[in-house]
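K.L.:
sequence below, structure please.
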Amino acid sequence: MSIYVGNLFYIPIVVSPSFARFVASELQPQSLTKKDIVKCLKALGIKNPEILSLKWKQELWIQLQFAAVSKI
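P.N.:
Numbers count the residues shown, from 1 in each chain. Model (predicted):
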């Protein structure tokens, strides 16, 4: 179950690959935290610490967009 508070979308603790692809295609990056984006990247099989530790949320978001499309 996901929870909305204001304009933020909270990602559940366990994320499936299909949910991660949904997040990448349907949500806006400003509605997520960096931690949520990292959860989605991990769900899509991204394990590279260089990617998972990127400093800027926009960089992580771009990686999520790429991973979601390439894993279909």
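K.L.:
low pLDDT regions in this protein?
P.N.:
By pLDDT under 70, the low-scoring segments of the chain are 1-11, 71-72.
K.L.:
all the strands of it, in order from the start?
P.N.:
Secondary structure of the chain, counting by DSSP state E: strands at 3-5, 8-10.
K.L.:
remind me, longest helix of the chain?
P.N.:
helix 57-70 (DSSP state H).
K.L.:
which parts of that helix are buried?
P.N.:
By 16 or more other C-beta atoms under 10 Å, the buried positions in helix 57-70 come out as K57, L60, W61, Q63, L64, A67, A68. The way it works is simple: take the backbone N, C-alpha and C, and place the C-beta from them, glycine included.
K.L.:
what would the residues you listed look like in TSV with distance to P12?
P.N.:
Output for those, formatted as TSV (distance: C-beta to C-beta, whole Å):
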residue	distance to P12
K57	19
L60	18
W61	19
Q63	20
L64	16
A67	19
A68	17
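K.L.:
closest one of these to A24?
P.N.:
The shortest gap between A24 and any of those belongs to A68, at 3.6 Å (C-beta to C-beta).
K.L.:
now the closest one: how far from S18?
P.N.:
The gap separating A68 from S18 is 10 Å, by C-beta to C-beta, to the nearest Å.
K.L.:
one more: D36?
P.N.:
Taking C-beta to C-beta as the measure, D36 falls 16 Å from S18.
K.L.:
who has more neighbours out of these two?
P.N.:
Taking D36 and S18 together and counting by other C-beta atoms under 10 Å, D36 has the greater number of neighbours (24 against 13).
K.L.:
and for F19, the neighbour number?
P.N.:
Around F19 there are 16 other residues, counting by other C-beta under 10 Å.
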